[in-house]
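> Pasting a predicted model and its sequence here:
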Number of protein chains: 4
Amino acid sequence: MGANTFGEIFTVTTCGESHGPALACIIDNCPPGVEISAEMIQHDLDRRRPGSTRFGTPRNEADAVRIISGVFEGKTTGTPIGLIIENTSQRSQDYSEIMNSYRPGHADYTYNLKYGIRDYRGGGRASARETAMRVAAGAVAKAVLSKYYGVKIGGCVTAIGTIYTDKFDPEAALESPFNFADNSKTMQAVLTEYMDNLRMAHDSCGAVVEVRAQGVPVGTGSPIFARLDATLAHAMMSINAVKGVEIGDGFKLAAMRGSEARDLITESGFASNHSGGILGGIATGQEIVVRMAFKPTSSILTPGQSIDKFGHSIPDLVTKGRHDPCVGIRAVPIAEAMMALTILDAIMMDQAQCAHVDRSAMFQIPVEEE
Amino acid sequence: MGANTFGEIFTVTTCGESHGPALACIIDNCPPGVEISAEMIQHDLDRRRPGSTRFGTPRNEADAVRIISGVFEGKTTGTPIGLIIENTSQRSQDYSEIMNSYRPGHADYTYNLKYGIRDYRGGGRASARETAMRVAAGAVAKAVLSKYYGVKIGGCVTAIGTIYTDKFDPEAALESPFNFADNSKTMQAVLTEYMDNLRMAHDSCGAVVEVRAQGVPVGTGSPIFARLDATLAHAMMSINAVKGVEIGDGFKLAAMRGSEARDLITESGFASNHSGGILGGIATGQEIVVRMAFKPTSSILTPGQSIDKFGHSIPDLVTKGRHDPCVGIRAVPIAEAMMALTILDAIMMDQAQCAHVDRSAMFQIPVEEE
Amino acid sequence: MGANTFGEIFTVTTCGESHGPALACIIDNCPPGVEISAEMIQHDLDRRRPGSTRFGTPRNEADAVRIISGVFEGKTTGTPIGLIIENTSQRSQDYSEIMNSYRPGHADYTYNLKYGIRDYRGGGRASARETAMRVAAGAVAKAVLSKYYGVKIGGCVTAIGTIYTDKFDPEAALESPFNFADNSKTMQAVLTEYMDNLRMAHDSCGAVVEVRAQGVPVGTGSPIFARLDATLAHAMMSINAVKGVEIGDGFKLAAMRGSEARDLITESGFASNHSGGILGGIATGQEIVVRMAFKPTSSILTPGQSIDKFGHSIPDLVTKGRHDPCVGIRAVPIAEAMMALTILDAIMMDQAQCAHVDRSAMFQIPVEEE
Amino acid sequence: MGANTFGEIFTVTTCGESHGPALACIIDNCPPGVEISAEMIQHDLDRRRPGSTRFGTPRNEADAVRIISGVFEGKTTGTPIGLIIENTSQRSQDYSEIMNSYRPGHADYTYNLKYGIRDYRGGGRASARETAMRVAAGAVAKAVLSKYYGVKIGGCVTAIGTIYTDKFDPEAALESPFNFADNSKTMQAVLTEYMDNLRMAHDSCGAVVEVRAQGVPVGTGSPIFARLDATLAHAMMSINAVKGVEIGDGFKLAAMRGSEARDLITESGFASNHSGGILGGIATGQEIVVRMAFKPTSSILTPGQSIDKFGHSIPDLVTKGRHDPCVGIRAVPIAEAMMALTILDAIMMDQAQCAHVDRSAMFQIPVEEE
């Protein structure tokens, strides 16, 4: 499978560099008959769009998506869906400085050694700009999930640097300039000060993002290597800058006892959800809970020790350019998109294998709607 | 791809239930000419084998592996390698109690709803017994990695319940009855007491396991969806009971600043390894560092509230049987195996795409041998 | 994907050499709840079994299959199905002659150059013995097709060397010692004489096999690269010795006119089936018709010019051993198996993508039951 | 894998409908450092382009390709290559007639039943216009094959309706208005008359196309399901209107004897090439020979019996529009492209698995350069 393809059945293949002519993706095996429009996709793209907040990169891209195939009279036809976004805000600039140097924390060195060549303009393919097509494809997956399966996905930032919250509130996050789960005035003030200090210090910070899915049918996912936890971990860890993934209580479970951690079951439902809605790799019908850690942006104005591609020292390399001080902030729709793609793919695989299992004839543990 | 297949090029497909006749796996696209023997595979199997320590399940399986194809005169031939382990210690017992009940924290409910049928004997396919074939396949991958690529993989337990260490010492772990990174007498005493208390309390605990790979060639791994971090996360999260995965500093990175977290580069090497040896999804040549959280064993003698498959309450379900009080302890060779499979697959893919990139002509950042 | 795996969803992975300890396969993503027994699989294996007719190889293998996982209380559980056949009739013999020589028409040279090593005993993995596991897996696929989809598959030999028939009659073929579509006394006599002459001449011949599927639901198959014609062609051409594949009228269509070749449609059904039941890569609901050409067995007692692996001439190499004078004769169940695997995989993919298309609400072109 | 993706490692994913806004493809895992330009791709596209000959469709498309990613400073970077062709000659017309009717021999019925919806304009995704992206991707594959592996691919039409030739001459075909292997004046006259008669009769005809590859390294291809014959058969049978595929002597082999058919080997090379350059699924180093049958165009002006989507009879349906009377004529670059994609993918897989096999140290059967 191509390195730029995600999914087994509902597949998404992307291309495009930060400063190339355009980004594009092709979605394959999409169920037919689902209403899709450029506007609907644009909605999610706008949530990720650079230039939308002063806490993000000042690069301003319209990110206007065009549907070039697979949709006819407003509905998916079952043939591959082609989406394209033209790049419009590539700044013509002098790249002579970065073409030979390796920015610390960046993929410059690894791309160069792997391929022997790299498009260094704005990070090329390694730029988080690539994630725009994930969001676009995710919007299509969300539409299918919503129409045919009643699955709803939402997310929010739960930590920015050392500031964190125990809340999970996607509604609040939509109002928050930080996509933060706590949008109280107090928290806004705290975060604004924190981010302003960071910016003045020419520094950046990491973040934690949490995404959840409701309504995922029990039975979704497969055991062993295709465990739903495993494919979700794959999905999230494939996002730029993500370095940790948890399902349910995640790392906290390591320090817990079995008597606390196992989710007891009553006639009226599960008593808890430490396992994040997945047992044996298969969805229980409960809310699916995924959390991920973003490392701090490596592109900061604070000079750092590095080398050029000939091995010569550059003691004070500064990464200019238009960068997010905290990449996690704009990552919520990306994480939601990856969750949507993963879950839809798993549902379709379950449908392929288990179409003749009559689950409605079996007792299903009740799950409260949230 | 089958749910029981792992890998894109170097693929492993497994089958077998806990109390079925046998476990088996087929390894495909293995490089030819590599020395493989049942003894070599047995060595790793014995590290995972039940019955080897009093801190594991009392089930005693020889786990004797038989090579049925793909090896000729002691060497791999490039054709698929078939491995089989007969189950010998299935206890004939009365399953009438568990055939209809759903053990909390187990996959009984999800398997039943997914498939409408399940082999309930000893957990069937959901039993961790399945991981024996991962270890066997991993031993083959390790042999290839060692012979052709100089890659070395090791791991240890770094936390058991609330007891943890900052050490990473695979040598010490090999001597430790807990596979723990700190095998000092003090730590042995602490852990023995901790585990004995757990056992007396009829309870279990979680664990953290860390695995590392040295000598992974710079350039291994692919960007975007095939990121080496992502495939490693997939690999580890596919292991029974794993609920969290980190690369390098993982979740700690979320609370760090860019100026701390980015790994500076000097002429004589990287100044740190917060990123765990992977940038942009591609190996830097540094040590690759992966950590994972195991949830506590759900099978404990403490009764718990549950239901049967008809939805009737079972207020005090007890999970009898032979179980590990901490599944993380025997998991080190499993995690090593998954790391070996993932890295070898990535190396082979790199070789497929980039065979004509002359990396020896480029400056490579030095990495110290450890 | 491994070279020894077939299928996207319903996948089959095989291993085993002609003179190794055993053959095995793992079937993944099989729908649960289907009755499967060793006896049922044995039935098809016996049709392919060596030693069953004097017109096949005298090697006598019981080909007794053992189910090692994925079946519980007589039904598939949705977990991977493991099947194993022990090899029992490997003759201990002197291989010194063939270990270094390249038999003309055989894969000795290509295996050796590809892998640098080969298991030369009885052709190793290149032996048609490998196809036993295809037949076993095909029997499982047939059971699923029959239970859930009403698909019926049958085949027969339609040409042996220069003797051919226009008939297609799987029932007759089951009675025929040649699996031939025409089992009349006259034809039996003709074929017996033909084969006896061949044998006396120390020669072999090719064959044509035709397989058909009835009841394949309209909509099965996907356009473009996953066309049902294409995956069927792949399936058949992957069988040992097959060198040509046709769908429907195949090569005859090249010399036809559009006005003859297009299948007209009336309210009561298609007027013809030149296209072999597939249009645009998708099943029409008509009978699916596939034909394939087997080359003559290369292993004959007539000496032939060849070389050894050092490049030295061997003017009169004779291929001893136990060989079929016409490999096509025992190939009918193999071709049926590959058709079953291909069609089931396509049906499952269709189910994954198009579960919400209500075909019963659309007009379907009637197809007469045969 | 998506139905619109071809290949395991060097993958091509396409999208686009006949009368939609554009066609596009994404090529993944392409080796880096290969010179690619729009002009180079255009060269092959122009050979397939509609409107280039009076024996093809009168639709006139510039088919101007734009590279949107994966190429930097004229070379592939190893990141995905995006190609796009805008559709410019969609005629605005009245589709009310065809939107509800099923043209005989077309995919109208099967698409409608499969998806419950179809883009009927100009055949939508089922139009052969889709093959433009195959040709574009094939041009990239050819460039890689040429630069790194010395593989050369060529093809020609060898039969048009009942007119055929035994010649294989790609050079002559390039000069021939019919892409025919025999471009003698006599043959030109024969074919011109044949085609003119067809056109006057409002009819169409089938064709045979043959493609060959020279310089394919011995060892390319894998046994069993990934046989090079099988993947080539898949590739060719996935082209619109192809209904038969042969490797080497193909169906003729069925009527041959083993003593004729096996390719004897001398110290100076193979004595013949009945097997088409492939033994056991692996390339011998000889020329690889593939032949395929195209059915006659179903779109003809001769009225035919059909039905509408409600099942009502349409006794004299006429397929208007701009159609090729013989689709095989423009198919040569398509078949070449599919061959290039298949062989490059197999070479890359071989490189992944067998990089450490030192073939130069083994005796290789000489192959004469042609």
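Received it, and whenever you're ready, just let me know what you need.
> can we go C-alpha only for contacts and neighbour counts from here?
Noted.
> near chain C, which residues of chain A?
A:9, A:29-32, A:78, A:148, A:348-357 (CA under 8 Å from any CA of the partner chain).
> now the residues you listed: which count as buried?
A:9, A:29-32, A:78, A:348-355, A:357 (16 or more other CA atoms under 10 Å in any protein chain shown).
> quick one on the thing from earlier: which of the residues of chain A next to chain C fall in strands?
When the residues of chain A next to chain C are checked against strands (DSSP state E), there are no matches.
> Check whether the helix-or-strand element of chain A with minimal mean pLDDT comes near chain B.
Every helix and strand in chain A was compared by mean pLDDT, DSSP states H and E; the lowest is helix A:96-99, with a mean of 80. No - Helix A:96-99 is not in contact with chain B by CA under 8 Å from any CA; minimum separation 14.8 Å.
> Measure how far whatever helix or strand comes next after that helix is from the centre of its chain, please.
Where DSSP states H and E defines the elements, the next helix or strand beyond helix A:96-99 is strand A:101-102. In terms of CA atoms, centre = their mean, to the nearest Å, the centre of strand A:101-102 is found 27 Å from the chain centre.
> Identify the neighbouring strands of strand A:101-102 in the sheet and state each direction.
strand A:304-308 (antiparallel) (DSSP bridges).
> Quick one: mean pLDDT over the strand it pairs with.
For strand A:304-308, mean pLDDT is 95.
> Give the buried residues for it.
A:304-308.
> and the residues you listed as CSV, adding distance to C:Thr88?
Output for the buried residues of strand A:304-308, formatted as CSV (distance: CA to CA, whole Å):
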residue, distance to C:Thr88
A:Gly304, 69
A:Gln305, 67
A:Ser306, 65
A:Ile307, 64
A:Asp308, 64
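> ok, of those residues, which one's closest to A:Ile160?
The shortest approach to A:Ile160 among the buried residues of strand A:304-308 belongs to A:Gly304, at 22.9 Å (CA to CA).
> From A:Ser313, how far out is that closest one?
Noted for A:Gly304: a distance of 11 Å to A:Ser313, by CA to CA, to the nearest Å.
> Please apply the same query to A:Leu83.
For A:Leu83, the distance to A:Ser313 - CA to CA - is 43 Å.
> now swap in A:Asp203 and tell me
A:Asp203 is 22 Å from A:Ser313, where distance means CA to CA.
> out of these two, which sits in the busier spot?
Between A:Asp203 and A:Ser313, A:Asp203 has the larger neighbour count (other CA atoms under 10 Å in any protein chain shown), namely 23 against 17.
> list the contacts for that one?
By CA atoms under 8 Å, 6 or more residues apart in numbering or on different chains, the contact set of A:Asp203 is A:300-302, A:325, B:257-259.
> Rebuild the residues you listed as JSON lines, extending it with neighbour count.
As requested, the contacts of A:Asp203 are exported to JSON lines (neighbours: other CA atoms under 10 Å in any protein chain shown):
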{"residue": "A:Ile300", "neighbour count": "25"}
{"residue": "A:Leu301", "neighbour count": "19"}
{"residue": "A:Thr302", "neighbour count": "17"}
{"residue": "A:Pro325", "neighbour count": "26"}
{"residue": "B:Arg257", "neighbour count": "22"}
{"residue": "B:Gly258", "neighbour count": "26"}
{"residue": "B:Ser259", "neighbour count": "24"}
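> quick revisit: would you tell me which one of the buried residues of strand A:304-308 comes nearest to chain B?
Comparing the buried residues of strand A:304-308 against chain B with CA to the nearest CA picks out A:Ser306 as the nearest, at 4.4 Å.
> pLDDT wise, what is the closest residue to that closest one other than its chain neighbours at?
Nearest-residue entry for A:Ser306: B:Ile265, 4.4 Å, with adjacent residues in sequence omitted and distances by CA to CA, 6 or more residues apart in numbering or on different chains. Per-residue pLDDT puts B:Ile265 at 97.
> close to chain D, is stretch A:23-41?
Yes - applying CA under 8 Å from any CA, one finds stretch A:23-41 touching chain D at A:23-26, A:28-29, A:32-33.
> for stretch A:71-80, that is, sorry about that
Yes - using CA under 8 Å from any CA, stretch A:71-80 reaches chain D at A:72, A:77-80.
> burial count for A:Glu171?
Other residues near A:Glu171 come to 16 when the count uses other CA under 10 Å.
> State whether it is indeed within a helix.
Yes - counting by DSSP: H, G, I helix; E, B strand; the rest coil, A:Glu171 is part of a helix.
> how close does it get to A:Arg49?
Separation of A:Glu171 from A:Arg49 (CA to CA): 19 Å.
> residue ranges for the strands of the stretch 151-300 of chain A, please.
Under the criterion DSSP state E, counting those that start in this stretch, strands of the stretch 151-300 of chain A are mapped to A:152-160, A:163-164, A:207-214, A:242-247, A:265-266, A:269-270, A:278-279, A:282-283, A:288-294.
> partner strands of the fourth one, parallel or antiparallel?
Translated: strand A:242-247. Strand A:242-247 has the following strand partners under DSSP bridges: strand A:288-294 (antiparallel), strand B:242-247 (antiparallel).
> Kindly state the distance between the middle of the first one and the middle of its chain.
Between the centre of strand A:288-294 and the centre of its host chain there is 10 Å, according to CA atoms, centre = their mean.
> Give me the angle between that strand and strand A:207-214.
Relative orientation of strand A:288-294 and strand A:207-214, computed by axes from the mean of the first three to the mean of the last three CA atoms, to 10 degrees: 160 degrees.
> And for strand A:288-294, what's in contact with it?
Here strand A:288-294 makes contact (CA under 8 Å, 6+ apart) with A:206-214, A:216, A:232, A:236-237, A:241-248, A:276-278, A:327-328, B:250-251, B:253-254.
> try 7 Å this time
The contact list for strand A:288-294 (CA atoms under 7 Å, 6 or more residues apart in numbering or on different chains) reads A:206-214, A:241-248, A:276-278, A:328, B:250-251, B:253-254.
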